[in-house]
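# Here is the input, now give the coordinates:
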Amino acid sequence: MRIWGYVLLSLGALLLILFLMAQLGGAHAGILPFLISVFLIGMGWNFVKSGRAIVQMQVPPGEHAEPATAEMPLFPEIAMVVARQSARDWRRVLYIAGGFIVVFAVIGVLLDIFDTTPGEGTAMLGAFGGIGVLTAVIIAGISWVVMRVPVKRDLRAAHYLRTTGPVQVVAIPFSTGATLRLADRAFLMNGAAVIRALGSINQGTVDYSARGHVILAAWDSQGRKVYGAPGYAVELGA
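Residues are numbered from 1 along each chain as shown. The predicted model follows:
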């Protein structure tokens, strides 16, 4: 989770430096590239700040909280639900990566149109197009490593996890994702339905895969189900 934050912080800072160098070199980049850099830095800081478990931050040094997470047997039908949910999340990542290519390509095209210095606009178009492709590759590559690979391990595992205790959803600014903070861990999650459902409770139980963090179900503190992935039929007392 927090690795995403450090990656985005580094990427935003690198782009900011490149844009500043281009501006000092006489290029007329405008304000939009700087806004994108600041956005990436801000999002990275959000990930770093919110990527800690709730109890981890509340327990005084030297003391230990009771385990909040239990292992649940991963039956084949549950593994199929994890696989379907993971495939949906991967498609969303590809859309986001493609969006970055489009955004940077548009910036390059606008600079090419409005920059009157001979040859400079074309160079900026190529540079921003390359930055867009690089950003998309970084996003897709990291997502593959931190999402797809862990889910493949989840599907070979014997268990998934059930955590009971405090629940907090931290929205990621200017995105459709959020950070889910539980008693003893924190991780990214996607999907408007699950974010809305878990955002409606502050105590409860959440079922999810151990490494890929695919959300399967959630119940409030009274045992009422507030979210269930399609095909997931396990109940709280199981």
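# Please make it C-alpha for all contacts and neighbour counts, starting now.
Will do.
# Check the chain for its longest strand and report it.
Longest strand in the chain, counting residues (DSSP state E): strand 159-166.
# Residues contacting it, please?
Here strand 159-166 makes contact (CA atoms under 8 Å, 6 or more residues apart in numbering) with 54, 68-74, 154, 182-183, 202-210.
# How about stretch 87-95?
Ile139, Ala140, Ser143, Met147, Arg148, Asn190, Gly191.
# export these to CSV and tack on pLDDT, neighbour count and distance to Phe128?
Listed next are these as CSV, based on pLDDT from 0 to 100; neighbours: other CA atoms under 10 Å; distance: CA to CA, whole Å:
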residue, pLDDT, neighbour count, distance to Phe128
Ile139, 81, 20, 16
Ala140, 86, 20, 18
Ser143, 79, 17, 22
Met147, 79, 21, 27
Arg148, 87, 20, 28
Asn190, 79, 19, 28
Gly191, 81, 15, 30
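# export the residues you listed to a markdown table and tack on secondary structure and distance to Phe39?
A markdown table is the format used below for the contacts of stretch 87-95 (DSSP: H, G, I helix; E, B strand; the rest coil; distance: CA to CA, whole Å):
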| residue | secondary structure | distance to Phe39 |
| --- | --- | --- |
| Ile139 | helix | 15 |
| Ala140 | helix | 19 |
| Ser143 | helix | 19 |
| Met147 | helix | 23 |
| Arg148 | helix | 26 |
| Asn190 | coil | 19 |
| Gly191 | coil | 21 |
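# Which of those residues sits closest to Met124?
Nearest to Met124 among these: Ile139, at 22.2 Å, using CA to CA.
# For the chain, which element, helix or strand, carries the lowest mean pLDDT?
Least confident helix or strand of the chain, by mean pLDDT, DSSP states H and E, is helix 54-58 with a mean of 53.
# List the first helix or strand encountered after that helix toward the C-terminus.
Next in sequence after helix 54-58, counting helices and strands by DSSP states H and E, comes strand 69-73.
# between the longest strand of the chain and strand 69-73, what angle do the directions make?
150 degrees (axes from the mean of the first three to the mean of the last three CA atoms, to 10 degrees).
# Now the element after strand 159-166, going C-ward?
From strand 159-166 onward toward the C-terminus, using DSSP H and E, the following helix or strand is strand 168-171.
# Quickly run through the sheet partners of that following strand, with directions.
In the sheet, strand 168-171 lines up against strand 178-181 (antiparallel) (DSSP bridges).
# what ranges do the strands span in the protein?
All strands of the chain, identified by DSSP E, fall at 69-73, 159-166, 168-171, 178-181, 186-189, 203-208, 215-220, 225-228.
# Now do the contacts for Leu74.
So Leu74 contacts Ala157, Ala158, His159, Tyr160 (CA under 8 Å, 6+ apart).
# Generate a ChimeraX selection restricted to the buried entries among the residues you listed.
In ChimeraX, this line selects whichever of those come out buried by 16 or more other CA atoms under 10 Å:
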select :157,159,160
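# Kindly provide the whole-number mean pLDDT of stretch 8-17.
Averaging pLDDT along stretch 8-17 gives 74.
# mind checking how far it is from the chain centre?
Distance of stretch 8-17 from the chain centroid (CA atoms, centre = their mean, to the nearest Å) equals 17 Å.
# where are the low-confidence patches of the chain?
Low-confidence segments of the chain (pLDDT under 70): 1-6, 9, 22-32, 34, 43-67, 115-121, 173-176, 238.
# the longest helix in it is where?
The longest helix of the chain (DSSP state H) is helix 76-114.
# Which residues in it does the neighbour count mark as buried?
So, applying 16+ other CA under 10 Å, buried residues of helix 76-114: 78-79, 81-83, 85-86, 89-90, 93, 96-98, 100-102, 104-112.
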